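Novice: return a 3D structure for these sequence lines:
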Amino acid sequence: MPSDHSIFPSPEQKTDTASGQNEVRTFLKADIVVIGAGQAGLSSAYHLQQLGLKPWKNYLVLDKSPGAGGAWQYRWPSLTLTTVNRVHDLPGLPFSEAVDAGDEVKASVAVPEYYAAYERRFELPVYRPQTVTVVCERAGRFRIETDQGGFSARGVINATGTWETPYIPAYPGADIFKGQQLHTRDYQTADAFVGKHVVVVGGGISALQLLDEISRVTSTTWVTRQEPQFRDQPFTSEDGRAAVAIVEDRVRRGLVPGSVVSVTGIPWTPALRAAQARGVLKRLPMFAEITESGIRWSDGEEQKADVILWCTGFRSSLDHLAPLQIREENGGIVMFGRLATQVAKDPRIHLVGYGPSASTIGANRAGGAAARELATYLGLLEE
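Specialist: Residues are numbered from 1 along each chain as shown. Now for the predicted structure:
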């Protein structure tokens, strides 16, 4: 993708005196900057294009990775197109039309190939690698600082997802454990744990996939904070809409969004049925503390362990927006708009891939809503 500054309109010269010295920096201007080129970011860019906005002038996309693929390019190798929950088509280009890949192809290969083809097909203005470090407001515009330079925009669509913000809950003794502590995003292959006892923490889809894989090569203990809810019936579109509605209600009220999976439950798959038959799905309640050599429950029972694998999810990667003070005291963000993508404290900011749009199919719809609402708010659409 192009990275020559000459493709942009005339840069805006600003003088930064915050340090007490006159430092002249160039901030490349656009009306809308989309931060992130995963599913939500690419969907937003596509819809901005469909509205007739001009790339590089009216809108552009900043992506921190050197290549296309969003967080998919960093997923563990055993996650194939068969084992992945589902890869939803981006708007305007079906996956099957862009990529000729079998079920056993790694998701970390096939999905980035699809995203790259998508960027090429629609000539999306993705500017990479650009890691956004902070977004603040100056003179009625957003100043977007990256590790490579700076940008100036009238509006922002944030699509940074969650992959960069893994969550590990604090537990007593975590600092004295002599084994390994890893998060889902660190996982590569079950073979790395051969001969070790692994404690898998978490009740989501990823936790169960990794528990299944690891239990095939070594001994495991599975613990969760709550009893996982499995479902025998197929997951329907009605189920999805109902789950999204619950999460959407939370963000409209400014509450921290829960996960869609926590509402829908875990669907039984042939792999999970096989794991159950092998006696792997023996869930234990959450332990009370971590010891030097393992874990201990409140009744004093202990389990020796070499590895604790925290499959405890992610949080929205929004630290770069902190100067804009869009959060409530409880940590949530009051959202509004057709699909709850618009920030109430500043309507020039949209969050896609947040709350109800955190799923891949939700990100597509949210990208369309955010593009139209923001372009309309900024007066970029012809009447």
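Novice: now do the longest helix seen in the chain, average pLDDT.
Specialist: Of all segments of type helix in the chain, defined using DSSP state H, the longest is helix 360-377. For helix 360-377, mean pLDDT rounds to 91.
Novice: wait, is Ala271 part of a helix?
Specialist: Yes. Looking at Ala271 with DSSP: H, G, I helix; E, B strand; the rest coil, it is inside a helix.
Novice: was I right about it contacting Glu213?
Specialist: No. Look at Ala271 against Glu213 with Cβ atoms under 8 Å: they stay out of range, at 9.2 Å. Where C-beta positions appear, they are placed from N, C-alpha and C, glycine not excepted.
Novice: of those two, who's got more company?
Specialist: Using other Cβ atoms under 10 Å as the criterion, Ala271 and Glu213 rank with Glu213 on top: 21 against 14.
Novice: and that one, backbone torsions?
Specialist: The phi/psi pair for Glu213 (degrees, to the nearest 10) reads phi -60, psi -50.
Novice: how about the nearest residue to it, chain neighbours excluded?
Specialist: With sequence-adjacent residues excluded and distances taken as Cβ to Cβ, 6 or more residues apart in numbering, Glu213 is closest to Ala190, at 4.4 Å.
Novice: and Gln229, what pLDDT?
Specialist: 85.
Novice: chain neighbours aside, what residue packs nearest to it?
Specialist: Gly265 (4.1 Å).
Novice: how many neighbours does the one you found have?
Specialist: Neighbour tally, Gly265, other Cβ under 10 Å: 16.
Novice: and it, how far is that from His350?
Specialist: 30 Å (Cβ to Cβ, to the nearest Å).
Novice: how about Lys304?
Specialist: 49 Å.
Novice: one more: Val34?
Specialist: The value you get for Val34 to His350, if Cβ to Cβ is used, is 9 Å.
Novice: identify the contacts common to the two.
Specialist: With contacts defined as Cβ atoms under 8 Å, 6 or more residues apart in numbering, the residues shared by Val34 and His350 are Ser44, Val156, Ile157.
Novice: need the phi and psi values for the second one.
Specialist: Backbone geometry at Val156, expressed as degrees, to the nearest 10, gives phi -130, psi 130.
Novice: wait, it touches Val33, no?
Specialist: Yes. Counting by Cβ under 8 Å, Val156 touches Val33, with 5.6 Å between them.
Novice: need the overlap of contacts for those two.
Specialist: Common neighbours of Val156 and Val33 (Cβ under 8 Å, 6+ apart) are Phe142, Ile144.
Novice: for the stretch 201-350 of the chain, what spans make up the strands?
Specialist: For the stretch 201-350 of the chain, the strands defined by DSSP state E, counting those that start in this stretch occupy 220-224, 230-231, 266-267, 283-285, 289-290, 294-296, 302-304, 307-310, 335-336, 342-343, 349-351.
Novice: lowest average confidence, helix or strand, in the chain?
Specialist: One helix or strand of the chain scores below all others by mean pLDDT, DSSP states H and E: strand 12-16, with a mean of 40.
Novice: tell me how far Gly70 lies from Ser43.
Specialist: 11 Å.
Novice: equivalent analysis for Leu374, please.
Specialist: 13 Å.
Novice: next one: Leu378
Specialist: 19 Å.
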